[in-house]
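>>> With the input below, show me the fold.
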Amino acid sequence: MTATIAKSARKPIPKSKRPLPSSPWRLYGSFNAGCIKRPSALEVIDEFLRRTELTVDPAQKLAQAQRVIGALMALHAFDAEGASSADIHQYVFGRLSVLTGETPEALVTMAGVAI
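Just a heads-up that it's a prediction; the model follows:
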């Protein structure tokens, strides 16, 4: 059995008889570039905030708030465009304080303790 595998491993890969593609879109294949969507940092944060809004239980809402802060810190760590903006940070902590009833300072403290 191993002799047949070793024998077949020595066979060269046959070359294609088709010519090289003449245009880049044929080289890469056909795909719809409109289907490829990369959300911005603000869209990602808004999705996390939406999940926080939908949560009813106050304890779970605080847990969701920590997830939002974690997502913001992760986007900042990966240097996502716009994630390091002070305006986005103020927006996020302002929205979270309205949603949870906590002050922005308390949310920052909770995020630091959660790390």
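>>> For residue 16, see how far away the residue nearest the centre of the chain is.
Compute the mean C-alpha point of the chain, and by Cα atoms, centre = their mean the closest residue is residue 44, 7.1 Å away. Per Cβ to Cβ, to the nearest Å, residue 44 is found 42 Å from residue 16. From N, CA and C alone the C-beta is placed, and that goes for glycine too.
>>> ok, which stretches of the chain are strands?
Using DSSP state E, the chain contains no strands.
>>> Residue 47 and residue 109: what is the separation?
25 Å.
>>> how many neighbours does the residue lying closest to residue 76 once chain neighbours are set aside have?
Closest residue in space to residue 76, ignoring its immediate chain neighbours: residue 83 at 4.8 Å, by Cβ to Cβ, 6 or more residues apart in numbering. As a burial measure, residue 83 scores 21 neighbours (other Cβ atoms under 10 Å).
>>> residue contacts, residue 83?
For residue 83, the contacting residues are 41, 72, 75, 76, by Cβ atoms under 8 Å, 6 or more residues apart in numbering.
>>> Check residue 80 too.
Here residue 80 is in contact with 40, 41, 44 (Cβ under 8 Å, 6+ apart).
>>> Could you tell me which of the residues you listed belong to helices?
41, 44 (DSSP state H).
>>> Could you single out the nearest of the contacts of residue 80 to residue 91?
When the contacts of residue 80 are ranked by distance to residue 91 (Cβ to Cβ), residue 41 comes first, at 11.3 Å.
>>> Averaging pLDDT per element, find the lowest-scoring helix or strand in the chain.
Least confident helix or strand, the chain: helix 24-28 with a mean of 51, by mean pLDDT, DSSP states H and E.
>>> just to revisit the earlier point, right, and the residue nearest to the centre of the chain touches residue 75 too?
Yes - using Cβ atoms under 8 Å, residue 44 makes contact with residue 75 at a distance of 6.5 Å.
>>> what sits in contact with each of these two?
Common neighbours of residue 44 and residue 75 (criterion: Cβ under 8 Å, 6+ apart): none identified.
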